[in-house]
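K.L.:
Sharing a sequence plus its predicted fold:
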Amino acid sequence: MFNILKRKKSAATETQPAQNPEKTGFFSRLKASLTKTRASFSHGIANLILGKKTLDKEVLELIETQLLTADVGIDATQQLVDDLTQKLARKELNDTETALKSLQENMKAILHPCEQPFEIAENHKPFIILVVGINGSGKTTTIGKLAKHLQAAGKKVMLAAGDTFRAAAIEQLQIWGERNHIPVIAQQPGADTAAVIYDALESAKARNIDILLADTAGRLHTQTNLMEELKKVKRVLTKIDPTAPHETLLVLDAGIGQNALNQAKQFNDAIGVTGIALTKLDGTAKGGIIFAIAKQLNIPIRFIGVGEGIDDLRPFDADEFVEALFEKE
């Protein structure tokens, strides 16, 4: 079950049977989807460390290279290597197994602050999710999958086809809507995005909708005029609901590596991103970018996309992600 609400890791949860079929099934898909990125971790770093009797400076330099190759980023890589270097100097790394475990724990520590599950605040109705990102990031598909999961969780969902610059985006959302009996508010291609989303919000309020998912035109983060348009959308929404939008979800393609970090910075500076969905992890060797994003921006990572299936958009779990990276075949 796709859980859109806050998941608390309580003692009660820990006493449940270790083998949860759904969790085990997704972990297997996650591990398989990260095959290309895992080459730098389980096949690269793990084999590199475990192939040595002791850890030395030469091995640390090789680990640094592997991390940078996987797009972990300079800041996160520096933190990970510095920690290993300090522990090595203090003679805390008795063997390579200990070193590998320490590295994994530090990687989890970088990601943990960004593991903030997506929550629907009941006092906001409709709860407005503004979805942004550049063309090709998987934005419209992510909206469709998220809408389906929200609907399955018992929420009344509406879609706003705010990407009016791309006719195919409007059609895509309408197909998702028809397939799942979810209403879609749309206008003709080229219509004003803010006007479409404004109309959708008015309609959502009239129909007692729980959640409004608003698509926006895909844009390069360097296009100032289009960023200004996003600011306009936010201003228009606040005329109806001063607290809107309640979530500004940025969809990023993991395959573009460090450019994803640049996009996140620009979108966050322009409109204030409250959550990230990192897609296409199944087709890239650059999945390490998630560490760079976490280290530099500390923006909640709400979802990760690891495939084309409806269940391949999942809430982000830091421990699960790192363990999948180092899981052996």
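P.N.:
Received it, and whenever you're ready, just let me know what you need. Owing to the predicted nature of the structure, the values given are computational and were not obtained by experimental measurement. Numbers count the residues shown, from 1 in each chain.

K.L.:
C-alpha from now on. contacts and neighbour counts both.
P.N.:
Will do.

K.L.:
Need the three-state assignment for L250.
P.N.:
Three-state call for L250 (DSSP: H, G, I helix; E, B strand; the rest coil): strand.

K.L.:
Quick one: distance of stretch 190-210 to the chain centre.
P.N.:
26 Å (CA atoms, centre = their mean, to the nearest Å).

K.L.:
Report the buried residues of it.
P.N.:
For stretch 190-210, the neighbour count (16 or more other CA atoms under 10 Å) marks 192-194, 196-198, 200-201, 203-204, 209-210 as buried.

K.L.:
got the residue ranges for the strands in the stretch 1-150 of the chain?
P.N.:
Remark: strands assigned in the stretch 1-150 of the chain by DSSP state E, counting those that start in this stretch are 127-132.

K.L.:
Flag the shaky bits of it, pLDDT-wise.
P.N.:
For the stretch 1-150 of the chain, the stretches with pLDDT under 70 are 1-24, 26.

K.L.:
For the spatially most central residue of the chain, list each beta-bridge partner.
P.N.:
Centroid-nearest residue in the chain, with CA atoms, centre = their mean: A277, separated by 2.6 Å. For A277, the beta-bridge partners under DSSP bridges are V251, F303.

K.L.:
quick one: it and G305 touch, right?
P.N.:
Yes: using CA atoms under 8 Å, A277 is in contact with G305, at 7.3 Å.

K.L.:
so what sits against both of those two?
P.N.:
By CA atoms under 8 Å, 6 or more residues apart in numbering, A277 and G305 have no common neighbours.

K.L.:
And for I304, the neighbour number?
P.N.:
25 (other CA atoms under 10 Å).

K.L.:
brain fart, D215
P.N.:
Here the number of neighbours of D215 (other CA under 10 Å) works out to 26.

K.L.:
cool, and R179?
P.N.:
For R179, using other CA under 10 Å, the count is 10.

K.L.:
can you check the one 10 residues further on too?
P.N.:
P189 is surrounded by 17 other residues when neighbours are defined as other CA under 10 Å.

K.L.:
That one belongs to a helix?
P.N.:
No: checked against three-state DSSP, P189 lies outside a helix; its state is coil.

K.L.:
residue contacts, it?
P.N.:
So P189 contacts 164-167, 170 (CA under 8 Å, 6+ apart).

K.L.:
mind listing what the nearest residue to it once chain neighbours are set aside touches?
P.N.:
Distance criterion CA to CA, 6 or more residues apart in numbering; nearest residue to P189, sequence neighbours excluded, is T164 at 4.7 Å. Contacts for T164 (CA under 8 Å, 6+ apart) come out as 170, 187-193, 216-217.

K.L.:
Alright, I will stop here.
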